[in-house]
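Q: mind looking at a prediction? Sequence and model below.
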Amino acid sequence: MAVRVVIAEDEAIIRLDLKEILEEEGYEVVGETGRGDEAVELVKQHEPQLAILDIKMPGLDGLSAAREITGDRRAAVLILTAFSQRNLIEEARDAGALAYLVKPFQRSELIPAIEVALGRFEEMRALENEVKAAEERLEVRKVVDRAKGILMDKHGMKEMDAFSWLQRRSMSDRVQLSITAQKVISGELSP
């Protein structure tokens, strides 16, 4: 499946050239605009993997649009601009841009910048998912530990016995361990 791209560039000729290059390289341009505010809406509407944004645009500048897009982790952002001042590069980085390319650009520079941005974005998403899974495991562990504590205090069980009882009960009820533990905590369930 082709990578879906939104282009936000206020210079129509550059936008057309960019679209042509992207389509020749196998990318699917799902939206294009000359305004930053419209770029944010196009990203929400079409859910592309990549947004290519110019910095200076009417409606909303590219850096503000990048902040909105990356804040929701909607798409990788590549900043494509005529400005190469260090402060703008740093602002783009801080806004969540994963690549920065200065105009005039060559096809040989554009495609690697896109692929780096997409790769970094996928790594970030994978890390986010790992963190979320770890947080969920930690929450389950807390609930199970609390339920074990109740079983130990109220029913005189040893820790291993309390855990074994929770496991067996979960298996017999065919529910997740955290659900059984939550029932013990709420007082719905006891040995």
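A: Received the coordinates, thanks.
Q: check the gap between the residue of the chain most remote from its centre and Ala39 for me.
A: Relative to the mean C-alpha coordinate of the chain, counting by Cα atoms, centre = their mean, the farthest residue is Gly156 (46.2 Å). Gly156 is 64 Å from Ala39, where distance means Cβ to Cβ, to the nearest Å. C-beta here means a position set from N, CA and C on the backbone, and glycine is covered the same way.
Q: Leu88 too?
A: 18 Å.
Q: Arg86 now?
A: 24 Å.
Q: repeat that for Gln45.
A: Applying Cβ to Cβ to Gln45 and Ala39 gives a distance of 11 Å.
Q: can you mark which positions in the helix or strand bottoming out on mean pLDDT in the chain are buried?
A: The weakest-scoring helix or strand in the chain, judged by mean pLDDT, DSSP states H and E, is helix 86-94 (a mean of 86). Buried residues in helix 86-94, counted by 16 or more other Cβ atoms under 10 Å: 88-89, 91-92.
Q: make TSV out of those and add distance to Leu16.
A: Output for those, formatted as TSV (distance: Cβ to Cβ, whole Å):
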residue	distance to Leu16
Leu88	25
Ile89	26
Glu91	27
Ala92	24
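Q: wait, which of these is closest to Glu28?
A: For those, the residue nearest Glu28 by Cβ to Cβ is Ala92; the value is 24.5 Å.
Q: isn't that closest one right up against Leu80?
A: No - here Ala92 lies out of contact with Leu80, judged by Cβ atoms under 8 Å, at a distance of 10.3 Å.
Q: before we move on, back to that, more neighbours: which of Gln45 and Ala39?
A: Taking neighbours as other Cβ atoms under 10 Å, Gln45 and Ala39 compare with Ala39 leading, 30 against 12.
Q: mind giving me the packing neighbours of the host helix or strand of the more buried one?
A: Ala39 belongs to helix 36-46 when assigned by DSSP states H and E. Judged by 3 or more Cβ pairs under 8 Å, 6 or more residues apart in numbering; DSSP states H and E, helix 36-46 is in contact with strand 4-8, strand 28-33, strand 50-53, helix 62-71.
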